[in-house]
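> Got a sequence here, can you build the structure:
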Amino acid sequence: GFILPLGVKFIPEIAAAYIEENPELDIRFSFENGITEKLLNGLISKAYDLVFCSKPPENLGLTSIPVINENLVLIVPPKHPLANHYTVSLKETLDYPYVYFSKGSGMRDLTDSIFSSLGYMPNFAYEVEEDRIIAGLVAKNFGIAIVSYSELLIRLNVKIIPIVDIESERKIYMVNDSRISMSPVVRSFYNFVANRSGEIWHGLIQ
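Below is the predicted model of the structure:
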């Protein structure tokens, strides 16, 4: 299981790399995407062997290792008052409506935490699960948004602005339930991703 943004490049690349390095194995992957909350619930209920998503809450008792660092950026419509900024602080954004991630999304938890640490909260105009829908709404002037940088943003009619007053990286984790035994093939793939995360996965997300 994986969050939707990983389905364009990251998941296909790591699956293809694993198959290429293990030509003697008859490998079949089963893929499903969703928001972090759904993926973690599916992992606990044994619907998934592994999931790639935001860091799980500690009280779930799951095991997670970081595999990707994503850059967080602000996106605004091209004619927005902030569109001529080369960088932006989140305090400068408070007068404008946000297209925000819905509850259950790992990005929602992260952005809530960011704003809470800064001592203010934005104006939520719309709440949406998927980042590509958020970006589409921003392009059509429904509001502004904090999202992970991706190639999709370049193809949309939005202005991408670096954020200066926060830690502008989001970690994506490979998560498993260590209370459940892994099959040999799942263990093999898990070790493949874990052992090479610093070597190639950062390059894939760029």
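> shaky segments in this structure?
197-206 (pLDDT under 70).
> For it, which segments are assigned as helices?
For the chain, the helices defined by DSSP state H cover 10-21, 36-44, 106-118, 131-139, 151-155, 184-196, 202-205.
> Distance to Asn71 and mean neighbour count added to the ones you listed, as JSON lines?
Glycine gets a C-beta too; all of them are placed from N, C-alpha and C. Formatted as JSON lines, the helices of the chain follow (distance: least, Cβ to Cβ, whole Å; neighbours: other Cβ atoms under 10 Å):
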{"stretch": "helix 10-21", "distance to Asn71": "14", "mean neighbour count": "16"}
{"stretch": "helix 36-44", "distance to Asn71": "18", "mean neighbour count": "21"}
{"stretch": "helix 106-118", "distance to Asn71": "13", "mean neighbour count": "17"}
{"stretch": "helix 131-139", "distance to Asn71": "13", "mean neighbour count": "20"}
{"stretch": "helix 151-155", "distance to Asn71": "11", "mean neighbour count": "13"}
{"stretch": "helix 184-196", "distance to Asn71": "21", "mean neighbour count": "14"}
{"stretch": "helix 202-205", "distance to Asn71": "9", "mean neighbour count": "14"}
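> Of all the ones you listed, which one is nearest Leu74?
Proximity to Leu74, assessed across those by Cβ to Cβ, is greatest for helix 131-139 (9.6 Å).
> Check which helices and strands the closest one sits against.
On a contact count with 3 or more Cβ pairs under 8 Å, 6 or more residues apart in numbering; DSSP states H and E, helix 131-139 meets strand 63-76, strand 97-101, strand 123-128, strand 145-148, helix 151-155.
> May I see the ones you listed arranged in CSV, with distance to Asn191 as well?
Putting those into CSV (distance: least, Cβ to Cβ, whole Å) gives the following:
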stretch, distance to Asn191
strand 63-76, 11
strand 97-101, 32
strand 123-128, 36
strand 145-148, 26
helix 151-155, 29
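> Fine by me, we can end here.
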